[in-house]
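# okay, here's the prediction I keep looking at, along with the sequence it came from:
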Number of protein chains: 2
Amino acid sequence: MVRAVRGAGVSEIRIYGVPVSGEVAEGTDVGGLVVDAARRCGCGIRDGDVVVIASKIVSKAEGMVVRVGGVRAGTPAKILSRFLGMREGQVELYLRQGRVVAVIPLKLIEGYLRRYTRDLKAVEEAVAPEPYLLLIRTPQGLMSWGGIDLSNVPRGYAVLPPRDPDASARRIRDRIKELTGCDVAVILSDTEWTLSKFGSIDVAIGSAGIAPVRRGFGSRDIYGKPKFGGIDVLVDLIAAAAALLMGQAAESVPIAIVRGVRYEPSDEGVKDITYPSKLLRKGLVKVVLLTSLFKLVHALASILRFFKR
Amino acid sequence: MVRAVRGAGVSEIRIYGVPVSGEVAEGTDVGGLVVDAARRCGCGIRDGDVVVIASKIVSKAEGMVVRVGGVRAGTPAKILSRFLGMREGQVELYLRQGRVVAVIPLKLIEGYLRRYTRDLKAVEEAVAPEPYLLLIRTPQGLMSWGGIDLSNVPRGYAVLPPRDPDASARRIRDRIKELTGCDVAVILSDTEWTLSKFGSIDVAIGSAGIAPVRRGFGSRDIYGKPKFGGIDVLVDLIAAAAALLMGQAAESVPIAIVRGVRYEPSDEGVKDITYPSKLLRKGLVKVVLLTSLFKLVHALASILRFFKR
């Protein structure tokens, strides 16, 4: 019989959206900004808080904004830019981020894009400079357009991701400790497409002071059996939770404080939980072979069943 | 210049983990359980709350628990079960869920599994009944093992996902309205592997009363340009946030109340934001062709650059 638990004491998490006004300039002390903004908006910073920061403001503070027209393109970028109908400097920036693993024409999903907008003209205007989604393998894992973003910067400019997001998170964590004496975890978040549904979710691209994955594989279930699972990507769950308050467009809430999450302190970062590209390549070959073999056996077995009737 | 905002009024979200004791039996009134458990633990139910429920307890209430040994396997399942080293009834259940799109040998990631456990013997014991991860295309999108789960049920039993998770969410929503008079949104969540990193996150497999995606595509950014994005999969973000409190193994927190999220009421469900399989098939062919062409042009351009030196 199932029963509600009386007086069990509810567990609770609070997420605070921390607004910031104006533009983050190169050289901004992001740790100082977090502390100041959290104090002004009333939630403050406490020991054990997880501070989630939109990676874009960290990029801006680290001077990762470039004028696309000023980027010198090599021959491959020049030729590919004509093939894709994108600007030469833009393609050069993508190629520098890593290996392109897929080129997805946005024409395919234009019907969906139209469905989820309040401004039909905006669809055309937003797709025009980026008619293809380039999925690029970076040291932080697969990222759309290699993590490069053309929005929330002046026209003609692009924001690159921080060079080493785990290191940036560590620096900000240390600075917050210095200013407040509090031990916090820091997560840099970015918006990524999800393949299982139509739309995007926020994920962690860098972290510090928090074990990125929960070490619960094989925990016993309510029947005492070791469970297949228990390895939540905690940093991604927290980045997603923070996205409920962090603005996507002009809302200017680039910081969220998540209070009440149980986590283990750790020196690992997000880079430690991305698959090494060797494993991915080797794995992909095995999966393709095995899947083909499975489908072949399945087809033969279905024919066999037909004759057995 | 960037400034913290004085007196902007912090936006805030609260997540309450709602514990339940004992086992959910077939026929349990899940809506009633939610209302009762939320009242007993102190957070209650209010208008506008999002109630997140582990899909597994909904499955159990709907009688979706089956004894694997009692499932009659057809010829394909019998033959494939020898090929995969899994039980016949188990393979039959997988095949009934939908088309198998990938067969992933867990040997590939055993090193990772060992890294994220506190109990090395548990890894072997948990992997033994499921040596391969079957990625299956169901009406709710791609799901590992078609959403079938062998944990938190007695040994020898399997839990299937609810037959129509959106419909189940609607029924629970209506029941909560009936009992409390409150208009809430309901999300059924499940744990899924994430491909970008090593581990799993929680996602929504059914929803009611909430627009699953935010309609912000092409919203103006802080420079007034229409932004490529703004289509957060809100139901997935909320499922992830709730997972911060919902237990993975024996914790028995199968319900979370998320309070303070701004969302639009809607009659859509999760099924409305999964890609139709025709689009996926057509899209995949185009993406493979286009990516190959891109790589070819890239290679030729790189050779050209070599000769230009």
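Sure, I can see it.

# gap between the longest helix seen in chain A and the chain center?
Using DSSP state H to assign secondary structure, the helix with the most residues in chain A is helix A:277-308. Mean C-alpha position of helix A:277-308 versus that of the full chain (C-alpha atoms, centre = their mean, to the nearest Å) differs by 32 Å.

# report the buried residues of that helix.
A:280, A:283, A:287, A:290-291, A:294, A:297-298, A:301 (16 or more other C-beta atoms under 10 Å in any protein chain shown). Bear in mind the C-beta positions are built from the backbone N, C-alpha and C, glycine included.

# stretch A:58-73 too?
Of all the residues in stretch A:58-73, those buried under the rule 16+ other C-beta under 10 Å are A:58-62, A:64-66, A:68, A:71, A:73.

# can you tell me the SS state at residue A:100?
With DSSP: H, G, I helix; E, B strand; the rest coil as the basis, the three-state label of residue A:100 is strand.

# near it, how many other residues are there?
A count of neighbours around residue A:100, defined by other C-beta atoms under 10 Å in any protein chain shown, yields 21.

# wait, it sits on residue B:294?
Yes - in this structure residue A:100 lies within contact range of residue B:294 using C-beta atoms under 8 Å: 6.4 Å.

# between those two, which contacts overlap?
Between them, residue A:100 and residue B:294 have no joint contacts when contacts are counted by C-beta atoms under 8 Å, 6 or more residues apart in numbering or on different chains.

# what's the most distant pair in the buried residues of helix A:277-308?
For these, the farthest-apart pair by C-beta to C-beta is A:280 and A:301; their separation is 30.8 Å.

# report the entries of the buried residues of stretch A:58-73 that also contact chain B.
Near chain B, judged by C-beta under 8 Å from any C-beta of the partner chain, there are no entries from the buried residues of stretch A:58-73.

# of all the residues you listed, which comes closest to residue A:112?
Within those, distances to residue A:112 taken as C-beta to C-beta reach their minimum at residue A:68, with 27.1 Å.

# skipping adjacent residues, who's closest to that closest one in space?
On the basis of C-beta to C-beta, 6 or more residues apart in numbering or on different chains, the spatially nearest residue to residue A:68 that is not a chain neighbour turns out to be residue A:89, at 4.3 Å.

# what about that neighbour, distance to chain B?
Residue A:89 sits 16 Å away from chain B, taking C-beta to the nearest C-beta, to the nearest Å as the criterion.

# show me what the longest helix of chain A is packed up against.
Where contact means 3 or more C-beta pairs under 8 Å, 6 or more residues apart in numbering or on different chains; DSSP states H and E, helix A:277-308 is packed against helix B:75-84, strand B:99-105.

# what about the last one and chain A, touching?
Looking back up the chat, that one is strand B:99-105. Yes - judged by C-beta under 8 Å from any C-beta, strand B:99-105 comes into contact with chain A at B:100-105.

# quick one: that strand to helix B:75-84, angle?
In terms of direction (axes from the mean of the first three to the mean of the last three C-alpha atoms, to 10 degrees), strand B:99-105 departs from helix B:75-84 by 20 degrees.

# got a list of contacts for the helix or strand following strand B:99-105?
The C-terminal neighbour of strand B:99-105 among helices and strands, as given by DSSP states H and E, is helix B:110-115. Contacts of helix B:110-115 with the rest of the structure, by C-beta under 8 Å, 6+ apart, involve A:217-218, A:231, B:106, B:120, B:123, B:127, B:198.

# show me how far helix B:110-115 is from its chain's centre.
Using C-alpha atoms, centre = their mean, the distance from the centre of helix B:110-115 to the centre of the chain it belongs to is 23 Å.

# okay, buried residues for it please.
Buried residues in helix B:110-115, counted by 16+ other C-beta under 10 Å: B:112-113, B:115.

# return the set of buried residues in stretch A:253-263.
By 16+ other C-beta under 10 Å, the buried positions in stretch A:253-263 come out as A:253-261, A:263.

# and what of stretch A:117-137?
Going by neighbour count (16+ other C-beta under 10 Å), the buried part of stretch A:117-137 is A:117, A:122-123, A:126-127, A:129-130, A:132-137.

# let me have the helices and strands packed on helix A:277-308 in JSON lines, extended by mean pLDDT.
JSON lines is the format used below for the helices and strands packed on helix A:277-308 (pLDDT from 0 to 100):
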{"stretch": "helix B:75-84", "mean pLDDT": "92"}
{"stretch": "strand B:99-105", "mean pLDDT": "90"}
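
# I'd like the ones you listed laid out as JSON lines, including distance to residue B:206.
Written out in JSON lines, the entries for the helices and strands packed on helix A:277-308 read as follows (distance: least, C-beta to C-beta, whole Å):
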{"stretch": "helix B:75-84", "distance to residue B:206": "27"}
{"stretch": "strand B:99-105", "distance to residue B:206": "20"}
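
# and residue A:187, what element?
With DSSP H and E as the criterion, the answer for residue A:187 is strand A:185-193.

# the next helix or strand after that strand: how far from the chain's middle?
On the C-terminal side of strand A:185-193, the closest following helix or strand by DSSP H and E is strand A:200-208. Shown here is strand A:200-208, whose average C-alpha point lies 4 Å from the average C-alpha point of the whole chain (C-alpha atoms, centre = their mean).

# contacting residues for the closest residue to chain B within the stretch 151-300 of chain A?
Distances from the stretch 151-300 of chain A to chain B, computed as C-beta to the nearest C-beta, single out residue A:218 as the nearest residue at 2.7 Å. Residues in contact with residue A:218 (C-beta under 8 Å, 6+ apart) are A:226-228, A:230, B:113, B:117-119, B:121-123, B:125-126.

# equivalent analysis for residue A:59, please.
Taking C-beta under 8 Å, 6+ apart as the criterion, residue A:59 is in contact with A:65, A:159-162.

# can I get the buried part of the residues you listed as one ChimeraX selection?
Below is the selection syntax for ChimeraX that covers the buried ones among the contacts of residue A:59, with 16+ other C-beta under 10 Å defining burial:
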select /A:65,159,160,161,162
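
# sort out for me which of the contacts of residue A:59 are in strands.
With strands defined by DSSP state E, the entries of those inside them are A:65, A:159.

# I'd like the contacts of residue A:59 as CSV, with distance to residue A:185 and pLDDT appended.
Compiled in CSV, the contacts of residue A:59 are given as follows (distance: C-beta to C-beta, whole Å; pLDDT from 0 to 100):
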residue, distance to residue A:185, pLDDT
A:65, 27, 95
A:159, 24, 95
A:160, 24, 96
A:161, 20, 96
A:162, 17, 96
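
# what helix or strand is the closest residue to chain B within the stretch 1-150 of chain A on?
When C-beta to the nearest C-beta is the measure, the stretch 1-150 of chain A has its nearest residue to chain B at residue A:122, with 2.7 Å between them. Using DSSP H and E, residue A:122 sits in helix A:120-127.

# picking up where we left off before, farthest-separated two in the residues of strand B:99-105 next to chain A?
Using C-beta to C-beta for every pair in the residues of strand B:99-105 next to chain A, the one that comes out farthest apart is B:101 and B:105, at 15.2 Å.
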